[in-house]
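# I'll drop the sequence and a predicted model, then ask my questions.
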Amino acid sequence: MSDTPPSGSVTSELIVTEVVDQHILVITINRPHRRNAFDGATAHALETVIDEYDADDSLRCAVLTGSDIVFSAGQDLIAAAEGDMGVTERRGPFGIMAQPPAKPIIAAVEGHALAGGLELCLACDLIVSSRTATMGLPEAARSLVALGGGCFRLPRRIPYHLAMELILTGKIWPAPRFAELGLINRITEPGRALAGALELAGEICAAGPLAVRASKQIAARSQDWTDAQAWDRQLKYVATLHDSEDLREGLLAFAQKRPPVWKGR
């Protein structure tokens with residue numbers, strides 16, 4: 001990946017988006033005064049960005065990040081005390097957790113990813129983290145419950161008994177421990193998580209975008225399919241690949257021993 005500044009920057013009050021190398025959308029949570037915690041307005045802002053990402057065929061991968069100090073502290077508890085929850089009707093908590101984008105999204109983590117911050121990571125497909133970052137679900141220690149997917153997603157991603165230790169005690173662990181358990185794809189030096197995520201996003205963008213999208217949908221939706229159901233149900237997600245220009249291009253590029261040029265159709 002190039003170290004040149006991102007192009008196509010679009011800034012809002014709560015969410016900052018940048019388009020990098022034409023095909024990668026960087027989404028930055030922008031509430032530093034509240035440790036990037038979510039209220040209702042922030043959740044709706046993120047939902048809007050995710051909707052736009054899914055609808056833009058030129059964008060092939062997204063990266064979700066925070067600041068160098070904190071990825072996200074989760075729900076804004078001051079806002080919650082006033083009844084202002086970081087939830088949207090359609091995509092759920094934080095505008096993403098119940099309905100993540102159809103296309104790949106990578107969490108780039110610096111600092112703390114706690115409570116809903118870790119659940120944001122669990123709503124993503126891949127995680128790149130600084131080695132100095134920390135993660136955890138401290139809700140139970142405060143007589144709260146992790147309702148953003150933490151209680152059911154984390155035990156699917158790491159060994160059950162270790163997930164339960166985190167869920168039931170509210171402990172916070174360093175990022176390298178999560179990498180050992182397979183939750184984190186890549187560990188970087190401090191301040192390099194976004195760069196590492198952009199590198200990984202570039203590798204995803206080198207693959208066929210139609211195939212990537214279909215593959216994500218099959219992997220994400222097949223968790224409760226039986227094998228018999230999976231053989232049939234996966235077919236509807238690959239229907240767009242049949243007779244596509246990208247399929248023909250992929251086969252031709254392989255035969256000609258050259259990099260493919262994808263058109264997303």
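Yep, that arrived.
# Low-confidence ranges, the stretch 51-200 of the chain, go.
Confidence mapping of the stretch 51-200 of the chain against pLDDT under 70 gives zero matching residues.
# Helices of that one, start to end?
According to DSSP state H, counting those that start in this stretch, the stretch 51-200 of the chain carries its helices in the segments 77-81, 116-122, 150-157, 160-169, 175-180, 193-205.
# Could I get the buried residue list for whatever helix or strand comes next after the longest one?
Looking back up the chat, that one is helix 193-205. With elements assigned by DSSP states H and E, the helix or strand that comes after helix 193-205 is helix 209-221. Of the residues in helix 209-221, those scored as buried under the neighbour-count criterion (16 or more other C-beta atoms under 10 Å) are 209-218. The C-beta positions use only the backbone N, C-alpha and C, and glycine is treated the same way.
# what angle sits between helix 209-221 and helix 193-205?
If you take axes from the mean of the first three to the mean of the last three C-alpha atoms, to 10 degrees, helix 209-221 sits at 110 degrees to helix 193-205.
# can I have helix 209-221 written out in CSV, keeping just the CAs?
Taking C-alpha atoms only, helix 209-221 is exported to CSV below (Å, rounded to 0.1, in the frame of the first residue of the first chain):
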residue,chain,number,x,y,z
PRO,A,209,-15.1,-8.2,-5.8
LEU,A,210,-18.2,-10.3,-6.8
ALA,A,211,-16.6,-13.4,-5.4
VAL,A,212,-15.5,-11.7,-2.2
ARG,A,213,-19.0,-10.4,-1.5
ALA,A,214,-20.6,-13.8,-2.2
SER,A,215,-18.0,-15.6,-0.1
LYS,A,216,-18.6,-13.2,2.8
GLN,A,217,-22.4,-13.8,2.7
ILE,A,218,-22.0,-17.5,2.6
ALA,A,219,-19.6,-17.5,5.5
ALA,A,220,-21.6,-15.1,7.6
ARG,A,221,-25.0,-16.7,7.0
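# which residues touch the helix or strand following that helix?
Stepping forward along the backbone from helix 209-221, the first helix or strand reached (DSSP H and E) is helix 227-233. In this structure, residues lying in contact with helix 227-233 by C-beta atoms under 8 Å, 6 or more residues apart in numbering are 218, 221-222, 225.
# Quickly compare the helices of the stretch 51-200 of the chain and say which is most buried.
By mean neighbour count, with neighbours taken as mean count of other C-beta atoms under 10 Å, helix 116-122 ranks first of the helices of the stretch 51-200 of the chain at a mean of 29.
# can I see the domain layout of the chain?
Described in terms of automatic domain parsing, the domain architecture of the chain consists of the residue ranges 7-205, 209-256.
# Need the ones you listed in a markdown table (columns: distance to Trp262).
Written out in a markdown table, the entries for the domains of the chain read as follows (distance: least, C-beta to C-beta, whole Å):
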| stretch | distance to Trp262 |
| --- | --- |
| domain 7-205 | 8 |
| domain 209-256 | 5 |
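# and Lys263, which of the ones you listed is closest to it?
Among the domains of the chain, domain 209-256 comes nearest to Lys263, with 5.3 Å by C-beta to C-beta.
# Off-centre distance for the closest one?
Domain 209-256 sits 20 Å away from the centroid of its parent chain (C-alpha atoms, centre = their mean, to the nearest Å).
# Let me know how buried the nearest residue in space to Ala98 that is not next to it in sequence is, in neighbour terms.
Distances taken as C-beta to C-beta, 6 or more residues apart in numbering place Gly92 nearest to Ala98, at 2.6 Å, with adjacent residues excluded. Other residues within reach of Gly92 by the criterion other C-beta atoms under 10 Å amount to 20.
# And for Ile158?
Here the count is done by other C-beta under 10 Å, and Ile158 has 16 residues near it.
# show me the contacts for it.
With contact set as C-beta under 8 Å, 6+ apart, Ile158 has these partners: 178, 181-183.
# before we move on, the earlier item: now for the buried residues of helix 209-221: which two are most distant?
When the buried residues of helix 209-221 are compared pair by pair using C-beta to C-beta, the farthest-apart members prove to be Pro209 and Ile218, with a separation of 15.2 Å.
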